[in-house]
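Asks: Sequence and predicted structure below; questions after.
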Amino acid sequence: MPIKKVMKANEAAAWAAKLAKPKVIAAFPITPSTLVPEKISEFVADGELDAEFIKVESEHSAISACVGASAAGVRTFTATASQGLALMHEILFIAAGMRLPIVIAVGNRSLSAPINIWNDWQDTISERDTGWLQFYAENNQEALDLILIAYKVAENEKVLLPAMVGFDAFILTHTVEPVEIPDQELVDEFLGEYEPKHAYLDPAKPITQGALGFPAHYMEARYTVWEANENAKDVIDEAFAEFEKKFGRKYQKIEEYRTEDAEIIFVTMGSLAGTVKEYVDSLREKGLKVGAAKITVYRPFPVEEVRELAKKAKVLALLEKNVTFSVGGALFQDFSRALINESEKPKIVDFILGLGGRDVTFKDLDEALAIAQKALNGEAVDEVNWIGLRKEIL
Amino acid sequence: MAVRKPPVTTREYWAPGHAACAGCGCATALRLATKAFSEAMEEKYGDPDAFAVAQATGCMEVVSAVFPYTAWKAPWIHVAFENAAAAASGVEAAWKKLGRKGKILAIGGDGGTADIGMQALSGMLERWHNVVYLMYDNEAYMNTGIQRSSSTPYGAWTTTSPPGKYSIGEDKPKKWVALIAAAHQVPYVATASIGNPFDFIRKMKIAAKVDGPAFVQVQCTCPTGWKSPLEKGVEIAKLAIETGVWPLFEIENGDLWNIKIQAPGGGAKVKREGGRVVAIEFKKPIEEYLKLQGRFKHLFKQPEAIDTLREQIKAMWKVLGVEVTLPKPEE
Ligand SMILES: Cc1ncc(C[n+]2csc(CCOP(=O)(O)OP(=O)(O)O)c2C)c(N)n1
Ligand code: SF4
């Protein structure tokens, strides 16, 4: 029987790792995800998780050790955030290029400077081109579930890519919520033993991993990472379906909320999706035709689902806790790519908000709504809008 | 007819067909190292193949693993420039969990070890992974075209330490990574040279057989970067030992008070006290070593720079607990 426990998202991530039974974990503390390795080290210390826990001297070595262990043929796990993820940057490309299904739990946190430990998505968004799969959790249950799903997808033979699961700093990492812990036997059935056919370091069958790729081969190698990302789209749907069948919780790459007959749809990710759903409820009560959509899978980018979503609205209002300088938010680029050649498309208005842990309030969302409504009425609006900016201190 | 047993196994792990320059001393070092490792694995586990290699970016990596070819007959992984020790830590942890017997050999150049990889090396040693780290020391970043590293000796020309009106070439003394490694109090640390292959093989075997981490720093010549004759690699390496430039020593369990010094040869007189080497009187001047290498050519126009190098070598030996006399060439 699954049990319910009240816990923080960090603990939920540690529980997910425990259930997935990685053989090697290598991690280094960083706020807000420090509790993840702490909790895992407790599991290991108590014999509840039979794994090697490498207490590395940096995140760079954490991910390097995960690459070594994964290349040697075992399931691996690590957790980090912000500067820690940025320190891993170089090796993230390598992990994807070497097709190693490592999973990282990330407590989404801003990047310096100024140093700031609170939530936005700049850390994982900045790694969007590394080839890693990216999932974003709305709540602590999703943090746990998506880590299990991440392993399922990452280890699929058609994919073989590493995956990161983001959950918002403090809003989730340090907030307690009831979380259902699935049965170990069911998780075992869902994930199975990891048996690599492509990556191992076995003296009986010596292979060379991480070779030099000349121009004659490099592009093809990169293409296979592209192809694996494409393959991941169907594999993710299958994994979601199987997860729902086994554990009863439904996931979608883009989850829609009250989008039927909506004129304006707010699109967002992570825990902000919860706030936005409530906001939409309040607007619906006033009779406004407004809906919400949550991006659960950000990489591979769900282009088809975005196109379907776009058919339902006249304005897509993107709410983003990240910046792509001189462009807007990352979603703005991605949505533009998905819709540019569609014959009929909604207006896209981009909103940057909540950076570095600034609260996103209904008042902020009202500000965004007012701009989106102007766009709906055909008035000219800025494509990129910074919401909640304290202009008086600029 | 009696067949003499070869001094080291005929098994090859670093196989012919790699693309190192002609006369590359580092290629020789890797070949000997893997052979010695294999013998140690056979003696320890009854399986000569019971090892895997994790290697840093650098010359020896790019010349041995150009897709779709490989010179490696052992399981091998390259991840990046600075993380051979960390990647090896992961491999070792995985092997432990898989119940696989054997040892991991991590390999890095002086750049990937003394500079950018220093932190990962320290972490690996301190966490006591069952890994032998082999630093092949060609005393510069050769793969990127001969730039100085912290292991480049004083006075050497490199493309980033060019001699000039205001420069003597590299202006800092060499960093001795073996001593830093020993400070971690790991079971075994040694320096070695391709100029004394039997000593190198012996040390690699000890390193491979200890339980826990070990570190071996092997000086190996690079005719390209040292501007030295292709065929003189071993001779130059030998001269480094015989002139006192390259000390051969072993440190067990970080016991820096009890460093074992190997005899330098070349007519040097070794004085011992209670079995310990306390003084060495070298007979060959360091000039004999320097003059065979274009990278030191400019020093001969400024003999005081060679004297500075001599003083640095003396100071380094003093750290090893040995008073040395380094002769000047006869006028
Ligand atoms: C992070 C990073 N910085 C720089 C480089 C470029 N680079 C590759 S190999 C190398 C030098 C290698 O020198 P060393 O470790 O001494 O080995 P050698 O080439 O001499 O064998 C450098 C600077 C790199 N690959 N990665
Ligand atoms: S540059 Fe030097 S170290 Fe590199 S392959 Fe050539 S000889 Fe060997």
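Replies: It's in. Ligands and ions are numbered 1, 2, ... in the order given.
Asks: Residue of chain A nearest chain B, please.
Replies: Residue nearest to chain B within chain A: A:Gly68 (2.7 Å; C-beta to the nearest C-beta). Every residue, glycine included, has its C-beta placed from N, CA and C.
Asks: before we move on, which element is that residue in?
Replies: Using DSSP states H and E, A:Gly68 sits in helix A:59-71.
Asks: Quick check: mean pLDDT of that helix?
Replies: On average, the pLDDT along helix A:59-71 is 98.
Asks: What is the distance between it and the centre of its chain?
Replies: Here helix A:59-71 shows a centroid-to-chain-centroid distance of 20 Å under the convention C-alpha atoms, centre = their mean, to the nearest Å.
Asks: And for stretch A:79-87?
Replies: Remark: stretch A:79-87 is offset 14 Å from the chain centroid, using C-alpha atoms, centre = their mean.
Asks: contacting residues around that stretch?
Replies: With contact meaning C-beta atoms under 8 Å, 6 or more residues apart in numbering or on different chains, stretch A:79-87 is reached by A:10, A:13, A:17, A:27-28, A:30-33, A:36-37, A:40, A:58-60, A:62, A:88, A:92, A:104-112, A:117, A:123-124, A:126-127, A:164, A:169.
Asks: residue contacts, the closest residue to A:Ala150 other than its chain neighbours?
Replies: Of all residues not flanking A:Ala150 in the chain, A:Ala163 sits nearest, at 3.9 Å (C-beta to C-beta, 6 or more residues apart in numbering or on different chains). When contacts are counted by C-beta under 8 Å, 6+ apart, A:Ala163 is found next to A:101-104, A:132-135, A:150-151, A:153-154.
Asks: Following the chain past the longest helix along chain A, name the next helix or strand.
Replies: In chain A, with assignment by DSSP state H, the single longest helix is helix A:215-247. Heading C-terminal from helix A:215-247, the first helix or strand you meet, by DSSP H and E, is strand A:254-257.
Asks: got the residue ranges for the strands in the stretch 101-250 of chain A?
Replies: A:103-108, A:133-136, A:163-168, A:177-181, A:208-209 (DSSP state E, counting those that start in this stretch).
Asks: actually chain B, sorry about that
Replies: Assignment of strands within chain B using DSSP state E yields the ranges B:51-55, B:76-78, B:103-109, B:131-137, B:163-164, B:167-168, B:188-193, B:214-219, B:249-252, B:260-261, B:269-273, B:276-281, B:323-325.
Asks: pLDDT of the fifth one, averaged?
Replies: So that's strand B:163-164. Rounded mean pLDDT across strand B:163-164 is 97.
Asks: okay, and for the stretch 151-300 of chain B, where does confidence drop off?
Replies: Residues of the stretch 151-300 of chain B meeting the criterion pLDDT under 70: none.
Asks: Any residues of it in contact with ligand 1? List them.
Replies: The stretch 151-300 of chain B comes close to ligand 1 at no residue, as judged by C-beta under 6 Å from any ligand atom.
Asks: And the residue of the stretch 151-300 of chain B closest to chain A?
Replies: B:His184 (12.1 Å).
Asks: Next, work out how far apart the residue nearest to that residue when sequence neighbours are not counted and ligand 2 are.
Replies: Nearest residue to B:His184, sequence neighbours excluded (C-beta to C-beta, 6+ apart): B:Leu125, at 4.1 Å. Distance, B:Leu125 to ligand 2, by C-beta to the nearest ligand atom, to the nearest Å: 25 Å.
Asks: Could you point out the longest helix of chain B?
Replies: Taking DSSP H as the criterion, chain B has its longest helix at helix B:25-45.
Asks: centre of the chain versus that one, how much separation?
Replies: In terms of C-alpha atoms, centre = their mean, the centre of helix B:25-45 is found 14 Å from the chain centre.
Asks: do the same with stretch A:233-249
Replies: Using C-alpha atoms, centre = their mean, the distance from the centre of stretch A:233-249 to the centre of the chain it belongs to is 17 Å.
Asks: Using neighbour counts, pick out the buried residues of that stretch.
Replies: Neighbour-count burial for stretch A:233-249, counted by 16 or more other C-beta atoms under 10 Å in any protein chain shown, picks out A:233, A:235-237, A:239-240, A:243, A:247.
Asks: cool, stretch B:301-313 as well?
Replies: Within stretch B:301-313, the residues scored as buried using 16+ other C-beta under 10 Å are B:305-306, B:308-310, B:312-313.
Asks: which other residues reach that stretch?
Replies: Outside stretch B:301-313, the residues that touch it by C-beta under 8 Å, 6+ apart are B:153-155, B:168-169, B:173-174, B:244-245, B:286-287, B:290, B:299-300, B:324, B:326, B:328.
Asks: Tally up the residues packed near B:Arg272, please.
Replies: Other residues within reach of B:Arg272, judged by other C-beta atoms under 10 Å in any protein chain shown, total 10.
Asks: B:Pro247 versus that one, what's the distance?
Replies: Here the criterion is C-beta to C-beta, to the nearest Å. By it, B:Arg272 lies 15 Å from B:Pro247.
Asks: Please apply the same query to B:Trp226.
Replies: Distance, B:Trp226 to B:Pro247, using C-beta to C-beta: 19 Å.
Asks: Same check on B:Met124?
Replies: As judged by C-beta to C-beta, B:Met124 and B:Pro247 stand 24 Å apart.
Asks: between those two, who's got more neighbours?
Replies: Using other C-beta under 10 Å, the more surrounded residue of B:Met124 and B:Pro247 is B:Met124, with 32 against 25.
Asks: so what's that one up against?
Replies: Residues near B:Met124 by C-beta under 8 Å, 6+ apart: B:85-86, B:88-89, B:106, B:131, B:133, B:213.
Asks: need the residues you listed in JSON lines with distance to ligand 2 and neighbour count, can you?
Replies: Formatted as JSON lines, the contacts of B:Met124 follow (distance: C-beta to the nearest ligand atom, whole Å; neighbours: other C-beta atoms under 10 Å in any protein chain shown):
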{"residue": "B:Ala85", "distance to ligand 2": "20", "neighbour count": "34"}
{"residue": "B:Ala86", "distance to ligand 2": "23", "neighbour count": "36"}
{"residue": "B:Ala88", "distance to ligand 2": "21", "neighbour count": "35"}
{"residue": "B:Ser89", "distance to ligand 2": "26", "neighbour count": "35"}
{"residue": "B:Ala106", "distance to ligand 2": "18", "neighbour count": "34"}
{"residue": "B:Val131", "distance to ligand 2": "23", "neighbour count": "28"}
{"residue": "B:Tyr133", "distance to ligand 2": "18", "neighbour count": "31"}
{"residue": "B:Pro213", "distance to ligand 2": "25", "neighbour count": "30"}
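Asks: which of these are close to chain A?
Replies: B:85-86, B:88-89 (C-beta under 8 Å from any C-beta of the partner chain).
Asks: ok, and of these, which contact ligand 1?
Replies: Counting by C-beta under 6 Å from any ligand atom, nothing from the ones next to chain A among the contacts of B:Met124 sits close to ligand 1.
Asks: As CSV, the residues you listed with pLDDT would be great.
Replies: Listed next are these as CSV, based on pLDDT from 0 to 100:
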residue, pLDDT
B:Ala85, 98
B:Ala86, 98
B:Ala88, 98
B:Ser89, 98
